[in-house]
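Student: Model the following, please.
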Amino acid sequence: LILSGVFTELTSGNTPVNIFFSPLNFLFTATLGYGFLVLVFREIAVRNKLGILGMLCLGLIYGLYNEGLFAKTIFFPFNSPISSFANYGLLLNIRIPWTLTILTWHALYALIFPVVWVYFLYPKTAQEPWLSKTTTFIMGFFVMLFGIVMFFANKQMDRVITTIDMMIVFLLVFIFWWLAKKVKNIVKINYEINNGATLRYFLLGALLFVVFFFVPVALSQVVSFKVFIAYFLVAGGMAMIKAWHVTEVSLTQLMMVALGGEFILSLLMTLIAKSNGQPAQVITGAILVIIFARYFFKVRKRVNTGVN
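Tutor: Predicted coordinates for the structure are as follows:
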């Protein structure tokens, strides 16, 4: 419930620490903002025995909820968190480059990485459902209903345009849900083996951040829409081809990938906060950098000593 918000809002510097931990904001983040739907998708992944690619598809659906229904950042003319994406690559009122970037971001940082952390810390319950089917359905239904209500909450919006936007969101949800089932057996998680606590997987996590977030943000400022799409298709295609040939990964390997992605993000945000003269966010970022670095060595020690 909590880690998803920490890895997306706090680690990225999007929400300052004093606001993040304010009672109402923290409660919202841990429930309707992130926690409830991430928990629902975790239950779906366990019950359907989804591999990493299947979970990635569920993460893309979460991204549509967060950035499509709630924040509405993927649609023009609503606010774009990164100014270079505001009027960049518009198609049917959708910011295509931003959509590709932010949905991938949420799939990793809002769903896969937090779930991997919990699985690694509590491996004995990783393969077990935590909620009943009824509870999972009710929770998911009311969270999505909340998203739809928030989507239409602005009375000044053009109802025709927003209805079309809503239809696009749910069409993409259907496509990603269908894909999740089709790729469920690709890159399965092996909970029995305990290897892969190497720098290689840590760097892979950092590379995922660079390739699918840092570079796209930079490209949005200097290249045409067509070049951006070509880059994303090539990068995404190469990643999918590589994943297609991976039968399974260990939980330890996934944990190292998550640590690498979180470490590079928190380090970058700390440096940006320092250059912008934001001492509170510098301190927060530095603490997170230390935490992720500490866990890197802690995971390596755990594997080397064989302690679970």
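Student: so what does whatever helix or strand residue 260 lives in touch, helix or strand wise?
Tutor: With secondary structure defined by DSSP states H and E, residue 260 is part of helix 251-275. Identification of packing neighbours for helix 251-275 by 3 or more Cβ pairs under 8 Å, 6 or more residues apart in numbering; DSSP states H and E yields helix 113-121, strand 188-190, helix 199-209, helix 279-305. Backbone N, C-alpha and C define where each C-beta goes, glycine included.
Student: try it again with 7 Å
Tutor: Contacts defined by 3 or more Cβ pairs under 7 Å, 6 or more residues apart in numbering; DSSP states H and E place helix 251-275 against helix 113-121, helix 199-209, helix 279-305.
Student: so which of those helices comes closest to residue 42?
Tutor: Within those, the stretch nearest residue 42 is helix 113-121; the backing value is 5.4 Å (Cβ to Cβ).
Student: What is the burial count for residue 119?
Tutor: 19 (other Cβ atoms under 10 Å).
Student: Just give the nearest non-adjacent residue to it, would you?
Tutor: What sits nearest to residue 119 in space, not counting adjacent residues and going by Cβ to Cβ, 6 or more residues apart in numbering, is residue 126, at 4.0 Å.
Student: residue ranges for the strands of the chain, please.
Tutor: Secondary structure of the chain by DSSP state E: the strands cover 90-91, 94-95, 188-190, 248-250.
Student: Give me whichever of those strands is most buried.
Tutor: For these, the stretch with the most neighbours on average is strand 94-95, a mean of 22; neighbours defined as mean count of other Cβ atoms under 10 Å.
Student: re the thing from before, measure the residue nearest to residue 119 to residue 188 for me?
Tutor: Noted for residue 126: a distance of 13 Å to residue 188, by Cβ to Cβ, to the nearest Å.
Student: can you put the strands of the chain in CSV and add mean pLDDT and distance to residue 199?
Tutor: Supplementary listing: these in CSV, determined by pLDDT from 0 to 100; distance: least, Cβ to Cβ, whole Å:
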stretch, mean pLDDT, distance to residue 199
strand 90-91, 88, 40
strand 94-95, 90, 36
strand 188-190, 86, 21
strand 248-250, 88, 16
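Student: Which of those strands sits closest to residue 45?
Tutor: strand 188-190 (9.6 Å).
Student: which neighbours does that closest one have in its sheet, and in what orientation?
Tutor: Each strand pairing with strand 188-190, determined using DSSP bridges, is listed with its direction: strand 248-250 (parallel).
Student: rewinding a little: reformat the helices and strands packed on helix 251-275 as JSON lines; add distance to residue 266 and mean pLDDT.
Tutor: Compiled in JSON lines, the helices and strands packed on helix 251-275 are given as follows (distance: least, Cβ to Cβ, whole Å; pLDDT from 0 to 100):
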{"stretch": "helix 113-121", "distance to residue 266": "12", "mean pLDDT": "91"}
{"stretch": "helix 199-209", "distance to residue 266": "10", "mean pLDDT": "93"}
{"stretch": "helix 279-305", "distance to residue 266": "4", "mean pLDDT": "88"}
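Student: Please identify the one among those helices that comes closest to residue 93.
Tutor: Using Cβ to Cβ as the criterion, the shortest distance between residue 93 and the helices and strands packed on helix 251-275 is 28.6 Å, found for helix 199-209.
Student: Measure how the closest one sits relative to helix 251-275, angle-wise.
Tutor: Helix 199-209 runs at 50 degrees relative to helix 251-275, counting by axes from the mean of the first three to the mean of the last three Cα atoms, to 10 degrees.
Student: packing partners for helix 199-209?
Tutor: Contacting helix 199-209 under the criterion 3+ Cβ pairs under 7 Å, 6+ apart are the following elements: helix 251-275.
Student: which residues are in contact with the helix it packs on?
Tutor: Residues from elsewhere that reach helix 251-275 (Cβ atoms under 7 Å, 6 or more residues apart in numbering): 7, 11-13, 108, 113, 116-117, 119-120, 123, 189, 191, 194-198, 201-206, 208-209, 281-282, 285-286, 288-289, 292-293, 295-296, 299, 303.
Student: Thanks again, I'm all set now.
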